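K.L.:
I'll drop the sequence and a predicted model, then ask my questions.
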Amino acid sequence: MMTSLFSIFEPSSSILSLNLNWMSTFLGILFIPVLFWAAPSRWLYLWFKIVAFLHNEFKTILGPCNPGLSFLFVSLFSFILFNNSLGLLPYIFTSSSHLVMTLTLALPLWLSFILFGWLNHTQHMFAHLVPQGTPNVLMPFMVLIETISNIIRPGTLAIRLAANMIAGHLLLTLLGSMGPSLPSKLLGFLILAQILLLMLESAVAIIQSYVFAVLSTLYASEVN
């Protein structure tokens, strides 16, 4: 039971001995040609509005010292959103539910921010370790706590995204596996529950993409 339940997250399934599951990560590229249509659709206008809103919000968080950096986080949001959304479709591997994928996104970003901050704004980074107004007795403990909180940031980013994507998929699989054993009178309730849960998962896919991008933006703004 456990093998069949978690087989939906197995990245090693292959076709003709080729591991093609991770190719789903690049399926979002198929949406790019839509941007070059002569007559954009209403969905495309909606996407432009979302991107413009995110760009303005990230630019506000980053401040005037980082022109253009907001586009990096808008692209990060779009990439994660495409992977989360495509994972809700049948027979498509959800790459964002694996720590290999989420850590690959979070760790280089965090490491680049930390190195840039310590090399270019050393005093500012030291000042972040001790909040203003901290008593002298508590300063060593605050430095330790702040250091640990900075170190675990990429892990929390990666685990938060992966855990939220895994939880919903597991629940959908568990409810779906109950179908053959349920009486016909209860199938309607099961289908309704599956539809509601799928709507919730669609919202989670958007929210977790936004949370990942916003937290990365906040971490980047702290090094300036």
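P.N.:
All right, it came through fine.
K.L.:
what stretches of the protein score poorly on pLDDT?
P.N.:
Applying pLDDT under 70 to the chain picks out residues 1-20, 65, 224.
K.L.:
what's around residue 84, how many residues?
P.N.:
Using other Cβ atoms under 10 Å, residue 84 has 26 other residues around it. Any C-beta I mention is one placed from the backbone N, CA and C, and that applies to glycine too.
K.L.:
Quick one: neighbours of residue 223, just the number.
P.N.:
Around residue 223 there are 19 residues (other Cβ under 10 Å).
K.L.:
my hunch is that it is in a strand, does that hold up?
P.N.:
No - residue state for residue 223 (DSSP: H, G, I helix; E, B strand; the rest coil) corresponds to coil; a strand is not indicated.
K.L.:
give the contact list for the nearest residue to residue 87 once chain neighbours are set aside.
P.N.:
Distances taken as Cβ to Cβ, 6 or more residues apart in numbering put residue 94 closest to residue 87, at 2.9 Å, once the chain neighbours are dropped. Applying Cβ atoms under 8 Å, 6 or more residues apart in numbering, we find residue 94 in contact with 8, 9, 24, 83, 84, 86, 87, 88, 165, 169.
K.L.:
tell me the phi and psi of residue 94?
P.N.:
Phi and psi for residue 94, reported as degrees, to the nearest 10, are phi -90, psi 100.
K.L.:
where's it relative to residue 175, distance?
P.N.:
Note on residue 94: its distance to residue 175, by Cβ to Cβ, to the nearest Å, is 17 Å.
K.L.:
ok, back up a step: make CSV out of the contacts of residue 94 and add distance to residue 75 and secondary structure.
P.N.:
Below are the contacts of residue 94 laid out as CSV (distance: Cβ to Cβ, whole Å; DSSP: H, G, I helix; E, B strand; the rest coil):
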residue, distance to residue 75, secondary structure
8, 28, helix
9, 26, helix
24, 18, helix
83, 13, helix
84, 15, helix
86, 17, helix
87, 19, coil
88, 21, coil
165, 19, helix
169, 25, helix
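K.L.:
Can you go through the residues you listed and name the buried ones?
P.N.:
For the contacts of residue 94, a neighbour count by 16 or more other Cβ atoms under 10 Å gives the buried set as 8, 9, 24, 83, 84, 86, 87, 88, 165, 169.
K.L.:
Make a markdown table out of those residues and add distance to residue 181.
P.N.:
Conversion of the buried ones among the contacts of residue 94 to a markdown table gives the following (distance: Cβ to Cβ, whole Å):
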| residue | distance to residue 181 |
| --- | --- |
| 8 | 19 |
| 9 | 23 |
| 24 | 31 |
| 83 | 33 |
| 84 | 30 |
| 86 | 30 |
| 87 | 26 |
| 88 | 25 |
| 165 | 27 |
| 169 | 20 |
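K.L.:
Can you tell me which of these is nearest residue 115?
P.N.:
Nearest to residue 115 among the buried ones among the contacts of residue 94, counting by Cβ to Cβ, is residue 83 at 26.8 Å.
K.L.:
now the closest one, nearest residue through space, not along the chain?
P.N.:
When the adjacent residues along the chain are set aside, residue 83 lies closest to residue 96, with 4.3 Å between them (Cβ to Cβ, 6+ apart).
K.L.:
A helix includes that neighbour, no?
P.N.:
Yes - assigned with three-state DSSP, residue 96 falls within a helix.
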